[in-house]
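Q: quick one, what's the 3D model for this:
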Amino acid sequence: MYQVLARKYRPRNFNELVGQNHVSRALTSALERGRLHHAYLFTGTRGVGKTTIARILAKCLNCETGVTSTPCEVCPTCKAVNEGRFIDLIEIDAASRTKVEDTRELLDNVPYAPTQGRFKVYLIDEVHMLSTHSFNALLKTLEEPPEHVKFLFATTDPQKLPITVISRCLQFTLRPLAVDEITEHLTHILNQEHIQAEQDAIWQIAESAQGSVRDALSLTDQAIAYGQGEIQHQDVKEMLGLIDRTIIYDLVLAIHQNQKQRVSELLMQFRQQALDVSLVLDQLISTLHELALLQYLPDLSLKYSAEINKKIMQLSQLISAQDLQLYYQVACKGRADLQLAVTQEQGFEMCVLRLLAFRPLQPNEVLVSAPQSVQQQAPQVVVQAAVQNAQPQVEEYQAPVAEIQSVVSMQIQEPSSDDFLDEPMLEVTELNSTVSSDQIVFDPASEDALFDLDESNDDINAVTNSADQEEASSDDFLFDEIAPLNDGLEAETVKPQDDLAIAAQEDDLFLSQEQMPIESVSEVATVKVVDEPILELEQPSFEEKRVAVETVSAQNSGLMPQDILRLTPQQLEGDWTVEKWEYWFRNSTLTPAVQELAQQGVMTGQIDGESLFHIPPQYEQLLNQLQHALEQALKNEWPNTHFQVKYAEVETTTPYSMQNQRKEKAYTRASELLHAEAAVKDLLQNFDAEIQNIQLK
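A: Sure thing, here's the model as predicted:
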């Protein structure tokens, strides 16, 4: 009579046990040294060897050669255990005997000596199914059983066991087996059975078993029957309802390359095959995870065919890390939303369309909202700024601009399924980063970037300059924060033009009415560069602005704003100074709240000695809450520090005021550099515009 593989190849000793080396090592050592416990608890998922290990342990305890970790397998006791007829091995299914009466009946036989073996072994499977009263009845006997009794418990849900039971047992947690271990075990068994099998098919069965050896052997039996004595990869995929992995790779590639037609063909193919879309989405998520891992672990061994391995490696090199992270996040969210959709097919297809619609912002791109007046007329405006050494060409009209190094081209695009924008947006793309040494490169990915561009804010807006705004005289200047004025720089009158065609004609840039349906240049007259400021500076008077600009221009003529903002390194020894104090706490591991408080005061005294912190009285309540963190950080750095606080008005310069001065100088320098930029000059000249509200982050 045929015996299923799961029973035929059940391990009969610790040497045949697959995986679970941590359990077999502990039990083997205990058996060899005679340090046997009276109760063992084996936990783990289905099919990982809980009952098998319990039977092997019972055989080791009762082998006629003595208590050993290597039973003889030939004595009557070993044969009886293997055949399931050993009278002193009492196997109990707790799921069918949950009542307290059944437990009491079991415990009544505990005092009697074993009939045939050395120990009477009680093997209770799925022990978590016992009732509360049954556990209570078992506690006393479980804690102090007779010497000839051993209790072996097995469960898949140890959380349901009372802690009083767990504390009386030695607990062993069996882990799910790795795919490699199951694959090797299946290969060995199929060789013993003389069954032809493809390696990809074996690997697919091992992966589908999800760590369970019994599930893997059951699927192997099913695959042998399905393939008429052989195991083929295609048969296994059809049997398990899986899809070809190459289709998933094609889908990921089509999404990444924005091939809408190819994506629609694959979606139609999924519909025609009536596949389980939840499994398809699971396979997609697993593929994205695998691709992301390969980017950081290129030596990761793949268990597929050479053709599939090659395609995986190509995909991992083609798709960027940020794209994979976005795809994975969208796919996981779509997996969670499947149950919320009208049908699972609908939820899956919308998830794929969402993957196609969204992409991460590139390092040289920034999305910002268009002004209200432009939003009402233009669905979407794309501004492309090119900083090139050679003479550029503008798409569609290709008008040469010989006098400038930057070209601004504007074209209207109809919203499509690719946009997924809640409102019209401006996309600024840096086309060429080859610039001269005196030009500013606005690259948010660079560590030396002047401005931290954030797509969540209106970073670069085309600000409306109203048509009925009064014309400014030659003596008028517009300052939103601090307007930079260089020595010898003459102010020009800012006057909005009434007709866009006039400005376009002056620059030899001709736009058709369909390309630029903006009637007046007043709608794009002013370019506004903004960002979320860390600190809003007070509006100084005109004379103060002029003096500040002249002073900073003379002192910081060769510095970049980030250099002005950078703190000067200090030698932290000797007496405290305001410079040393600021340099220490801004480079420490203090929380932002403590640092904000520290910049309102000054430290005096000796470093690594008597230190007195001066701070205004209005911060007393806040400092009482955060003083311990500040004092502890000082003592961690200098153990001999004696920290004290004095609440009084600080008459000297504080780090807060020093930071404001640095920001003001950096702001002025940034404005100066921005006005000196060739592209900005051309924008200001050609569109009769001005720069407002420059803010540093």
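Q: going forward, measure contacts and count neighbours with C-alpha atoms only.
A: Fine.
Q: so how far is stretch 264-271 off the chain centroid?
A: Put simply, stretch 264-271 sits 30 Å off its chain's centre (CA atoms, centre = their mean, to the nearest Å).
Q: just the buried positions in that stretch, please.
A: 264, 266-267, 270 (16 or more other CA atoms under 10 Å).
Q: do the same with stretch 685-697
A: 687-696.
Q: and which of the residues you listed is nearest Asp608?
A: Leu696 (36.1 Å; CA to CA).
Q: do I have it right that the closest one meets Tyr667?
A: Yes: using CA atoms under 8 Å, Leu696 is in contact with Tyr667, at 6.7 Å.
Q: packing partners of the helix or strand where Lys310 lies?
A: Secondary structure from DSSP states H and E places Lys310 in helix 306-318. Contacts defined by 3 or more CA pairs under 8 Å, 6 or more residues apart in numbering; DSSP states H and E place helix 306-318 against helix 245-256, helix 277-296.
Q: of all those, which one is nearest Leu567?
A: helix 277-296 (35.3 Å).
Q: what mean pLDDT does the closest one get?
A: For helix 277-296, the mean pLDDT works out to 89.
Q: the inter-axis angle of the helix holding Lys310 versus helix 245-256?
A: 20 degrees (axes from the mean of the first three to the mean of the last three CA atoms, to 10 degrees).
Q: can you dump the C-alpha coordinates of helix 306-318 into CSV?
A: Extracted C-alpha coordinates of helix 306-318, given in CSV (Å, rounded to 0.1, in the frame of the first residue of the first chain):
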residue,chain,number,x,y,z
ALA,A,306,19.9,31.5,-15.6
GLU,A,307,17.5,33.4,-17.8
ILE,A,308,15.4,34.7,-14.9
ASN,A,309,18.4,35.5,-12.8
LYS,A,310,19.8,37.6,-15.7
LYS,A,311,16.5,39.5,-16.0
ILE,A,312,16.4,40.2,-12.3
MET,A,313,19.9,41.6,-12.2
GLN,A,314,19.2,43.8,-15.2
LEU,A,315,16.0,45.2,-13.6
SER,A,316,17.9,45.9,-10.3
GLN,A,317,20.4,47.9,-12.2
LEU,A,318,17.9,49.7,-14.3
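Q: please renumber the chain so that the first residue is 59 from this point on.
A: Taking 59 as the first residue, the last one we looked at is helix 364-376.
Q: buried ones in that helix?
A: For helix 364-376, the neighbour count (16+ other CA under 10 Å) marks 370-371, 373-374 as buried.
Q: and those as TSV, adding distance to Thr101 and pLDDT?
A: Formatted as TSV, the buried residues of helix 364-376 follow (distance: CA to CA, whole Å; pLDDT from 0 to 100):
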residue	distance to Thr101	pLDDT
Ile370	37	85
Met371	38	85
Leu373	40	86
Ser374	38	86
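Q: ok, so of these, who is nearest Val132?
A: Of all the buried residues of helix 364-376, Val132 sits closest to Ile370, with 51.2 Å by CA to CA.
Q: next, the angle from the helix holding Lys368 to helix 335-354.
A: Computed by the same axes, to 10 degrees, the angle between helix 364-376 and helix 335-354 is 70 degrees.
Q: closest one of the buried residues of stretch 322-329 to Leu99?
A: For the buried residues of stretch 322-329, the minimum distance to Leu99 (CA to CA) is 46.3 Å, reached by Phe328.
Q: need the contact list for the closest one.
A: Val335 (CA atoms under 8 Å, 6 or more residues apart in numbering).
Q: and for Gly659?
A: 671-674, 708, 712-713.
Q: buried residues, stretch 341-350. List them.
A: Quick answer for stretch 341-350 (16+ other CA under 10 Å): 341-343, 345-346, 348-350.
Q: which other residues reach stretch 205-225?
A: Contacts for stretch 205-225 (CA under 8 Å, 6+ apart): 95-104, 108-109, 112, 168, 171-172, 176-186, 193, 197, 200.
Q: and that stretch, end to end?
A: 19 Å (CA to CA, to the nearest Å).
Q: and the one helix or strand Val738 maps to, how far out from the chain's middle?
A: Using DSSP H and E, Val738 sits in helix 736-744. In terms of CA atoms, centre = their mean, the centre of helix 736-744 is found 41 Å from the chain centre.
Q: mind giving me the packing neighbours of it?
A: strand 464-470.
Q: any low-confidence regions in the stretch 309-458 of the chain?
A: Where the stretch 309-458 of the chain drops to pLDDT under 70, the residues are 361-364, 419-458.
Q: how near is Cys118 to Pro134?
A: Noted for Cys118: a distance of 13 Å to Pro134, by CA to CA.
Q: these two: which is more packed in?
A: Cys118 (25 against 13; other CA atoms under 10 Å).
Q: report the angle between the axes of the lengthiest helix in the chain and helix 736-744?
A: Ranked by residue count, the top helix of the chain under DSSP state H comes out as helix 713-734. Put simply, helix 713-734 runs at 70 degrees to helix 736-744, going by the same axes, to 10 degrees.
Q: now do helix 713-734, average pLDDT.
A: Here the average pLDDT along helix 713-734 is 87.
Q: same thing with stretch 277-287?
A: On average, the pLDDT along stretch 277-287 is 93.
Q: so which bits of it are buried?
A: 277-282, 284-285.
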